[in-house]
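In: Next comes the sequence, and after it the predicted model I'd like to discuss.
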Amino acid sequence: MNNLLEVKNLNTSFKIGVGTVQAVRGISFHVGEGESVGIVGESGSGKSVTMLSVMGLLPDYADIRADSILFAGREMTQMTPKQLRAMHGSEIGMIFQDPMTSLNPLFNVENQLTEPLRIHMKMGKTEARQRALELLKQVEIPNPEARLKQYPHELSGGLRQRVMIAIAIACGPKMVIADEPTTALDVTIQSQILELLEHLKNTTKTSIIMITHDLGVIASMCSRIIVMYGGIICEEGSAREIFYEPKHPYTWGLLNSIPKINGNPDEKLIPINGTPPDMLMPPKGCPFAPRCRYCMPVCREYMAPRTQLGETHAVACHLMHPKAPKVEREV
Amino acid sequence: MLKYIMKRLLAGVLTIFVLITISFFMMHAMPGGPFSPDEQKNVPPEVLERIAASYGLDRPVGEQYLNYWKNLLRGDLGISYKKQDTSVNSIIDIHFPVSARVGAVAVVVALLIGIPMGVLAALYRGKAMDMAAMVFCTIGISVPVFIISLLLLYLFAGVLQWLPSFGLTSWRHYILPVACLAFNPIAYITRQTRSSMLEALEQDYVRTARAKGVMELWVVGKHALKNALTPVITYLGPLVAGLLTGSFVVERLFSVPGVGRYFVQSVSDRDYTMIMGIVIFFGIFVVVCNLISDILLAIVDPRVKLNS
């Protein structure tokens, strides 16, 4: 499998009044062609900022540095705004968290859905309309003709997210980035949207990056999972490795906080105590150290090196050191 | 839509009715009158009484009120008490178009300068452009129009002698009065556009537009601006009504033969029919302008429902 996206040593920080927020601190990852990768982490872990950095969609006060961001063999860090714009919406589609606010309230569905078609594929009005109808059918919106003329406030949250998905896939992108696509939706709608995304993934061979704080969301969809915390990648591996052989205490914490459908109803979920680190002054050691029950003195002083455990499985934790105590995940 | 307009017009008629009634009785409740002996010291009181009687002013106020309505329903605003043999209708007919012309130019100028300036200030937030615009806005909103007018008049018509100081005979005559009328609205529109533009640019749909690969000019000019203009549209109703009906200060200073000065003059003259005529005319104008701006808002923003 060839790499579609390859990011090397990405650092993103925001200059704000009182200092610099280091949201992403030197992360590297790749996404293969047709592969679906999940990026998991709690709020403020830097997962959304990572993808917005790659897209170049952050505000001016963001400082984005990367050794290299290769997309389909082209270096994105060297691109002009015009070249980047030509990729946005055509080769890379994005789906955002809140479909309530991500669509412009003053333009109807047709206008917003045909916009990328008119910009990137130079379609005329009737042709774009035709394609828009097909897209609405593809995202399983009933009665598409009527929907085209409607405004966002006339649609339910699920429908709006379907429209967002239709916009993202309008030009047949090589990659779709879905940033918490189900977080703002009802649980029943969530599963429908996930089914739709999975269906699109299987039929169109598009690479998908799924950003979420919910491991359950990506369990069925993603073949590979990246776990982020405090602006760094703490563990990554295939879905199997993350779910069945997790090595990082943070990943354990995430897994322990998922309710099990066939578990004992009296069993309590195990929370991860404490709060995420303040990225204005990130700890110099492992960012998870203050909340980690296996924390060693070294964890507070030095960032853990990346340990490659298998072809796909890697973890950044001092517990991997041969002389570290052997600890087991408590389930 | 039609039902909504009818409803609003009906409410407008009610507003005008209340306006007429309150103005009429308040006007008569004020001590003195157009022909009261205290104010006309050179005319014998008997003569004044006769004149007042000829206008029906010796009747009880209630009766005068009913009589006024009778004439009003025929579209007759009566004869001015101060300008002999001139009907209030003809004064409005002659002088309103003058005010409206100057006012309409001022509205267009205010929008053409205020909106782009607000957008630029938002785009270059915190930069020199923004600072300059904000200083201008503070001046424009806080300095009264008569001071601005005097300064401009002194500078451009007095010291520099670039522009004529009075009359309305060529396009150059329009420049100073229009500038004075538009000064405050430009400041207001700039500030409003700037703040709503800043808000719009932060919205998720602007990020969506960028993620679609929309050109920055269109992201700002289409997606953000349309949203940013909704508060400006709301302001448009009172603005148009205010400017088209003329300004006492500006029309006086530049000797513009508009209708604005009659508003103040008629009150100090106790010219009852003139006061009522102007009040009714302005009242109707404000009601219609507000209705139009509300309809415009509903056209721009589909979330605004025209049925309440």
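Out: Arrived safely.
In: how about the nearest residue to A:K260 once chain neighbours are set aside, phi and psi?
Out: Once flanking residues are discounted, A:K260 sits nearest to A:E267: 7.8 Å by Cβ to Cβ, 6 or more residues apart in numbering or on different chains. Quick note: C-beta positions are derived from backbone N, CA and C, even for glycine. The phi/psi pair for A:E267 (degrees, to the nearest 10) reads phi -70, psi 130.
In: And for residue 55, the neighbour number?
Out: You didn't pick a chain, so chain A it is. Look at A:M55: counted by other Cβ atoms under 10 Å in any protein chain shown, it has 21 neighbours.
In: right idea, wrong chain: chain B
Out: Using other Cβ under 10 Å, B:Y55 is surrounded by 17 other residues.
In: repeat for A:S191
Out: Neighbours of A:S191 under the rule other Cβ under 10 Å: 14.
In: Let me know the pLDDT of it.
Out: On pLDDT, A:S191 comes in at 87.
In: With B:I299 instead?
Out: 89.
In: distance of the nearest residue to B:L201 once chain neighbours are set aside from A:P173?
Out: In space, and not counting its chain neighbours, B:L201 is closest to B:A224: 5.3 Å by Cβ to Cβ, 6+ apart. Distance, B:A224 to A:P173, using Cβ to Cβ, to the nearest Å: 24 Å.
In: More neighbours: which of these two?
Out: B:A224 (26 against 23).
In: Identify the residues contacting the more buried one.
Out: B:M197, B:A200, B:L201, B:Q203, B:V206 (Cβ atoms under 8 Å, 6 or more residues apart in numbering or on different chains).
In: returning to what we had before: how close does the residue nearest to A:K260 sit to B:L153?
Out: Distance from A:E267 to B:L153, counting by Cβ to Cβ: 84 Å.
In: More neighbours: which of these two?
Out: Taking other Cβ under 10 Å, A:E267 and B:L153 do not tie; B:L153 has more neighbours (19 against 9).
In: In three-state terms, label B:G158 for me.
Out: At B:G158 the chain is in helix, as set by DSSP: H, G, I helix; E, B strand; the rest coil.
In: Neighbours of it, how many?
Out: Here the count is done by other Cβ under 10 Å, and B:G158 has 12 residues near it.
In: pretty sure it is touching B:S165, no?
Out: Yes - B:G158 is within contact range of B:S165, at 7.4 Å (criterion: Cβ atoms under 8 Å).
In: The helix or strand encompassing A:R85 vs chain B: in contact?
Out: If you go by DSSP states H and E, A:R85 is part of helix A:81-87. Yes - remark: helix A:81-87 sits within contact range of chain B at A:P81, A:R85, A:A86, A:M87, by Cβ under 8 Å from any Cβ of the partner chain.
In: what does the average pLDDT come to for that helix?
Out: In this model, helix A:81-87 has a mean pLDDT of 92.
In: then that helix to CSV, C-alphas only?
Out: Extracted C-alpha coordinates of helix A:81-87, given in CSV (Å, rounded to 0.1, in the frame of the first residue of the first chain):
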residue,chain,number,x,y,z
PRO,A,81,-2.2,29.3,-1.1
LYS,A,82,-3.6,28.9,-4.6
GLN,A,83,-2.2,25.4,-5.0
LEU,A,84,-3.5,24.4,-1.5
ARG,A,85,-6.9,25.8,-2.4
ALA,A,86,-7.0,23.7,-5.5
MET,A,87,-6.7,20.6,-3.3
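In: Need the contact partners of it.
Out: Helix A:81-87 has contacts (Cβ under 8 Å, 6+ apart) with A:M55, A:G56, A:F71, A:M76, A:M79, A:H120, B:G213, B:V214, B:M215, B:E216.
In: Save the residues you listed as CSV, and put in distance to A:T12 and secondary structure too.
Out: Formatted as CSV, the contacts of helix A:81-87 follow (distance: Cβ to Cβ, whole Å; DSSP: H, G, I helix; E, B strand; the rest coil):
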residue, distance to A:T12, secondary structure
A:M55, 12, helix
A:G56, 11, coil
A:F71, 17, strand
A:M76, 14, helix
A:M79, 17, coil
A:H120, 27, helix
B:G213, 21, coil
B:V214, 23, coil
B:M215, 25, coil
B:E216, 21, helix
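In: excluding its backbone neighbours, what's nearest A:T307?
Out: In space, and not counting its chain neighbours, A:T307 is closest to A:M320: 4.0 Å by Cβ to Cβ, 6+ apart.
In: Pull the contacting residues for the residue nearest the centre of chain A.
Out: By Cα atoms, centre = their mean, chain A has its centre lying nearest to A:I211, at 2.0 Å. By Cβ under 8 Å, 6+ apart, the residues touching A:I211 are A:G38, A:I39, A:K47, A:S48, A:M51, A:I177, A:A178, A:D179, A:E180.
In: SS state for A:T12?
Out: Relying on three-state DSSP, one would call A:T12 strand.
In: Over to A:N9?
Out: State at A:N9, reduced to three classes by three-state DSSP: strand.
In: give me the number of residues near the nearest residue to it once chain neighbours are set aside?
Out: Take A:N9 and drop its neighbours on the chain: the residue closest to it by Cβ to Cβ, 6+ apart is A:D67, 4.3 Å away. Neighbours of A:D67 under the rule other Cβ under 10 Å: 12.
In: just B:A179 next, same as before
Out: The burial count for B:A179: 18, using other Cβ under 10 Å.
In: In three-state terms, label it for me.
Out: Reduced to three states by three-state DSSP, B:A179 is helix.
In: quick one: A:L5 is in a strand?
Out: Yes - under three-state DSSP, A:L5 falls within a strand.
In: Model confidence score at A:P271, please.
Out: With respect to pLDDT, A:P271 has a value of 81.
In: any idea how far it is from chain B?
Out: Here the criterion is Cβ to the nearest Cβ, to the nearest Å. By it, A:P271 lies 30 Å from chain B.
In: next one: A:I141
Out: Distance from A:I141 to chain B, counting by Cβ to the nearest Cβ: 18 Å.
In: Run through the residues that contact that residue.
Out: A:R147, A:L159, A:R162, A:V163, A:A166.
In: Poorly predicted segments of the stretch 151-300 of chain B, please.
Out: Along the stretch 151-300 of chain B, no part satisfies pLDDT under 70.
In: Count the residues that sit near B:L181.
Out: For B:L181, the count of nearby residues is 31 (other Cβ under 10 Å).
In: I'd like the distance between it and B:S149.
Out: For B:L181, the distance to B:S149 - Cβ to Cβ - is 9 Å.
In: for B:L239, same thing?
Out: Distance of B:L239 to B:S149, given as Cβ to Cβ: 18 Å.
In: can you check B:S196 too?
Out: B:S196 sits 29 Å away from B:S149, going by Cβ to Cβ.
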